[in-house]
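K.L.:
any chance you could fold what I've pasted below:
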Amino acid sequence: MSGTLYLIPCDLGSGTPLAHLPPQTLEVVARLNHFVVEDARSARRFLGATGRTGLREIAMQTLNEHTAAHALPALLAPLHQGFDVGLLSEAGCPAIADPGADLMALAHRECVKVVPLIGPSAILLALMASGLGGQHFSFNGYLPVDTVARQAALRALEARSATDGSTQLFIETPYRSAAMLSALMQTCRSDTLITVATDLTLASEWIQTRSAAEWQAGPAADLAGRPCVFALRAGATSAIPSRLGPAPRHRKDSRRNAGPRVR
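P.N.:
Got it, this is the predicted structure:
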């Protein structure tokens with residue numbers, strides 16, 4: 001019989017998984033000896049922080065954005081040998097804005113049992129706190145880097161939101177977060193609501209929803225080098241008080257790496 005593939009969420013950069021993962025998830029982590037990970041070094045650091053021992057005996061295979069499609073079947077081989085395997089993301093939930101999605105598709109085709117475990121998702125945390133509404137929403141991943149293409153993408157998301165009342169979410173790499181907020185202010189209509197959620201679950205967490213006009217009026221937000229989830233909703237300004245909250249102060253911390261922590 002095949003083993004079970006467990007989808008294991010990771011903390012969002014705090015380095016304290018015991019504070020953000022429920023006991024049931026930690027129990028699975030403690031007994032698995034086979035993992036598929038984005039980066040072995042940070043994965044061992046995470047496992048050590050959960051209290052896991054015997055790290056040198058754990059078998060790890062790598063799955064990242066450079067993994068070729070033909071290499072995916074080998075990642076499932078331990079499952080067909082009867083071993084349970086954990087898919088571990090760098091941050092947040094596996095297979096969401098994450099290369100693990102292709103492995104999930106193959107697992108289903110090969111009739112492998114897949115079990116998602118509970119843990120933090122920056123996308124859902126941002127949506128919950130935004131006040132923009134979660135009845136109808138879309139997650140759009142990363143938007144184009146090119147200035148003209150990015151503006152076109154933002155206008156398309158805003159038009160979609162205006163048409164169907166949906167909340168549109170997307171993410172950006174930390175070193176482009178400030179540029180994304182600037183593009184939102186310059187591109188969106190003045191009454192479109194924009195949410196910025198940064199450093200979720202960290203001591204420096206900051207979440208603010210303002211209209212595009214209010215973002216332009218200030219106070220400015222220091223987002224340089226900070227992972228962010230963005231959301232927008234057109235034509236819903238009346239639902240949000242106009243009083244502006246304080247802008248976040250940037251604080252350097254000891255995240256495991258400089259990559260986006262948004263899943």
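K.L.:
next structured bit after the longest helix belonging to the chain?
P.N.:
Criterion DSSP state H: the longest helix present in the chain is helix 147-164. Proceeding N to C from helix 147-164, the next assigned helix or strand is strand 167-172, under DSSP states H and E.
K.L.:
can you tell me what sits against that following strand?
P.N.:
Applying C-beta atoms under 8 Å, 6 or more residues apart in numbering, the external contacts of strand 167-172 come out as 97, 122-123, 126-127, 130, 132-134, 136-143, 157-158, 160-161, 180, 227-233, 260, 262. Yep, even glycine has a C-beta here, placed from its N, CA and C like the rest.
K.L.:
could you find the closest non-adjacent residue to residue 28?
P.N.:
Counting by C-beta to C-beta, 6 or more residues apart in numbering, residue 28 lies nearest to residue 6, which is 5.4 Å off, once chain neighbours are set aside.
K.L.:
buried stuff in the longest helix of the chain?
P.N.:
Taking 16 or more other C-beta atoms under 10 Å as the neighbour-count basis, helix 147-164 is seen to contain the buried residues 150, 151, 153, 154, 157, 158, 160, 161.
K.L.:
can I assume residue 35 sits in a strand?
P.N.:
Yes - counting by DSSP: H, G, I helix; E, B strand; the rest coil, one finds residue 35 located in a strand.
K.L.:
correct me if wrong: residue 58 contacts residue 31.
P.N.:
No - counting by C-beta atoms under 8 Å, residue 58 sits too far from residue 31 to count as a contact (11.2 Å).
K.L.:
and the helices in this structure?
P.N.:
Counting by DSSP H, the chain has these helices, from start to end: 23-31, 40-49, 72-80, 100-109, 122-130, 147-164, 177-187, 212-217.
K.L.:
which of these is buried the deepest?
P.N.:
Stretch with highest mean neighbour count among these: helix 122-130 (a mean of 21; mean count of other C-beta atoms under 10 Å).
K.L.:
just for the stretch 101-250 of the chain, where's the confidence low?
P.N.:
In the prediction, the stretch 101-250 of the chain carries residues with pLDDT under 70 at positions 236-250.
K.L.:
let's see 50
P.N.:
Within the stretch 101-250 of the chain, the stretches falling below the threshold (pLDDT under 50) are 238-239.
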